[in-house]
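Asks: how would this look folded up:
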Amino acid sequence: MNLQRIYQELKSDLQEVEQGLSQSIQTDHPDLHKTSSHLLLAGGKRIRPIFVLLSGHFGIFDLEKLKRVAITLELIHMATLVHDDVIDDAKTRRGRLTVKEKWDNQVAMVTGDYILASALNEMSKIEIPEVHQILSSTMIEVCRGEIEQIRDLFQMNPSIKRYFHRIKRKTALLMAISCKLGAVVCQASPDIVNKLYSYGYYVGMAFQMIDDVLDFTGDEKTLGKPAGSDLRQGNVTLPVVYLLVHGQKEEKEIIINYLKSRGTSGSLQQVISMVKNSSGIPFTMNLAKRYLQKALQAIEPLPAIRQKQSMYEITEFVLQRSY
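Replies: Numbering: from 1, shown residues only. Okay, the predicted model is just below:
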């Protein structure tokens with residue numbers, strides 16, 4: 001399963017979102033225009049805009065409002081990626097040099113701030129107080145997730161609970177409010193809004209878990225970044241957490257040695273190989289499947305419209321994806 005059918009179905013609406021993304025970061029400052037457009041031109045799955053557009057069909061569909069929401073959330077996502085690449089010292093993203101690598105850290109930080117400001121400017125055109133309250137509280141939680149990830153870098157005694165709290169704030173919440181805000185601006189009933197929020201949250205949790213698996217099992221060309229990038233940057237994800245808790249003594253020692261040295265001692269490739277061939281991978285995938293099942297259960301009571309089927313298909317894509 002891939003997203004092509006859904007992209008085709010939403011083609012005209014997504015094209016308007018894409019044009020809106022480009023227009024929203026337009027500036028007469030040539031350097032800022034280049035840096036803020038850099039990640040946008042690399043493309044992306046646009047999952048958040050898709051969720052916004054699909055959710056709008058469960059209310060009184062209003063494309064203009066939905067476009068504003070979709071553009072805002074995708075820009076916020078982009079801004080966090082530009083900032084993340086500075087924090088993680090990442091060299092590539094989506095197969096291209098990161099902003100910080102092509103320019104420098106200072107330029108990247110300002111670029112991320114500019115994209116975020118552009119997102120808020122876009123959302124200001126929607127005069128629904130509830131929308132702004134939902135967005136602002138979510139952004140606070142996203143920042144908390146980022147701080148938690150920084151705190152946990154190279155953590156030798158991580159817990160699954162802390163991992164879940166982190167990915168909830170860093171990934172799942174933005175997907176959840178993509179569904180929620182799409183429904184809210186189209187005046188869907190509170191019950192439908194809540195069910196769509198739950199769907200987005202569960203898909204977001206599974207999406208990040210599978211992303212963490214792909215970091216070990218995927219290939220660089222497909223992922224657009226080297227395998228093991230998270231661990232290289234000190235981000236201890238669920239497959240590694242599992243091995244630290246349930247692995248053999250020798251395996252734990254090798255991983256702890258690598259983490260204790262903050263990546264300066266021990267073999268990263270050895271750790272990657274151990275994790276890749278451990279029970280941590282199937283454990284993580286099984287948890288992701290359970291979250292996707294919860295997502296399906298959340299929207300099962302919703303009206304049987306075509307967009308509901310698309311949401312079912314997205315869960316299949318998330319489970320089977322290789323990028």
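Asks: residues contacting the most centrally placed residue in the chain?
Replies: In the chain, the residue lying closest to the centroid (CA atoms, centre = their mean) is Thr171, at 4.4 Å. Contact analysis of Thr171 by CB atoms under 8 Å, 6 or more residues apart in numbering lists Gly204, Met205, Phe207, Gln208, Asp211. Any C-beta I mention is one placed from the backbone N, CA and C, and that applies to glycine too.
Asks: out of those, who's the most crowded?
Replies: Counting neighbours by other CB atoms under 10 Å, Gly204 comes out on top of the contacts of Thr171 with 28 neighbours.
Asks: mean confidence for the host helix or strand of that one?
Replies: Using DSSP states H and E, Gly204 sits in helix 190-217. Helix 190-217 carries an average pLDDT of 96.
Asks: which strands and helices sit next to the next helix or strand after it?
Replies: Scanning forward in sequence from helix 190-217 by DSSP H and E, the next helix or strand is helix 220-223. Using 3 or more CB pairs under 8 Å, 6 or more residues apart in numbering; DSSP states H and E as the contact definition, helix 220-223 packs against no other helix or strand.
Asks: quick one: distance of helix 220-223 to the chain centre.
Replies: Averaging C-alpha positions (CA atoms, centre = their mean, to the nearest Å) puts helix 220-223 17 Å from its chain's average.
Asks: buried residues in that helix?
Replies: Leu223 (16 or more other CB atoms under 10 Å).
Asks: which SSE is immediately downstream of the helix or strand where Gln23 lies?
Replies: Using DSSP H and E, Gln23 sits in helix 11-24. Following helix 11-24 in sequence order, the next helix or strand is helix 30-41 (DSSP H and E).
Asks: quick one: that following helix to helix 11-24, angle?
Replies: Helix 30-41 and helix 11-24 meet at an angle of 160 degrees, taking axes from the mean of the first three to the mean of the last three CA atoms, to 10 degrees as the criterion.
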